[in-house]
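Novice: What shape does this take:
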Amino acid sequence: MKGIVRHHGDTKGIDLGGGTERRILAYNDALMGVEVAFETGAEGAVHSHPHTQMSYVLSGSFRYAVEGEAVVLNPGDSIVVPGGLPHGTVCLEKGVLLDVFTPCREDFLG
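Specialist: So this is what the prediction gives:
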């Protein structure tokens, strides 16, 4: 296999507190997949980073804000946030986001 494989059962979730859990999926220097589970009402606080981020809603419902402009995202919806823009989310219904970053979020690996 020339690709990078990470089996879900071999990875551990990281409790971020406040009803959120992060699980690092496959990654290399250029790209990283991250699964983030949220309880209803949990928040991903407004923040920014230099990485381009794509978020895809696997389940649940989220109010997602970029530079203060909010949109509700449901299963199958996605959003791309260019690096450097303030963004955050509030979970409206328990669910899971698939976040993809480019380049890799080295800060998540420490």
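
Novice: Could you check the pLDDT of the closest residue to Gly83 other than its chain neighbours?
Specialist: Nearest in space to Gly83, with sequence neighbours left out and distances taken as CB to CB, 6 or more residues apart in numbering, is Pro50 at 4.5 Å. Where you see a C-beta, it was placed from the backbone N, CA and C, and this is true even at glycine. Listed pLDDT for Pro50 reads 97.

Novice: likewise Gly41?
Specialist: For Gly41, pLDDT reads 98.

Novice: go on, Asp107?
Specialist: 96.

Novice: close enough to count as contact, the residue nearest to Gly83 and Val81?
Specialist: No - Pro50 is beyond contact range of Val81, at 11.4 Å (criterion: CB atoms under 8 Å).

Novice: of the two, who's got more company?
Specialist: Per other CB atoms under 10 Å, whichever of Pro50 and Val81 has more neighbours is Val81, with 20 against 10.

Novice: Span of stretch 68-84 from start to end?
Specialist: 14 Å (CA to CA, to the nearest Å).

Novice: got the buried residues for it?
Specialist: For stretch 68-84, the neighbour count (16 or more other CB atoms under 10 Å) marks Leu73, Ile79, Val81 as buried.

Novice: for the chain, which residue is closest to the average position?
Specialist: The residue lying closest to the centre of the chain (CA atoms, centre = their mean) is Asp99, at 3.4 Å.

Novice: correct me, but it touches Met54?
Specialist: Yes - Asp99 is in contact with Met54 according to CB under 8 Å; the separation is 7.2 Å.

Novice: Show me what stretch 1-13 is in contact with.
Specialist: For stretch 1-13, contacts defined as CB atoms under 8 Å, 6 or more residues apart in numbering pick out Glu21, Arg22, Arg23, Ile24, Leu25, Ala26, Tyr27, Asn28, Ala37.
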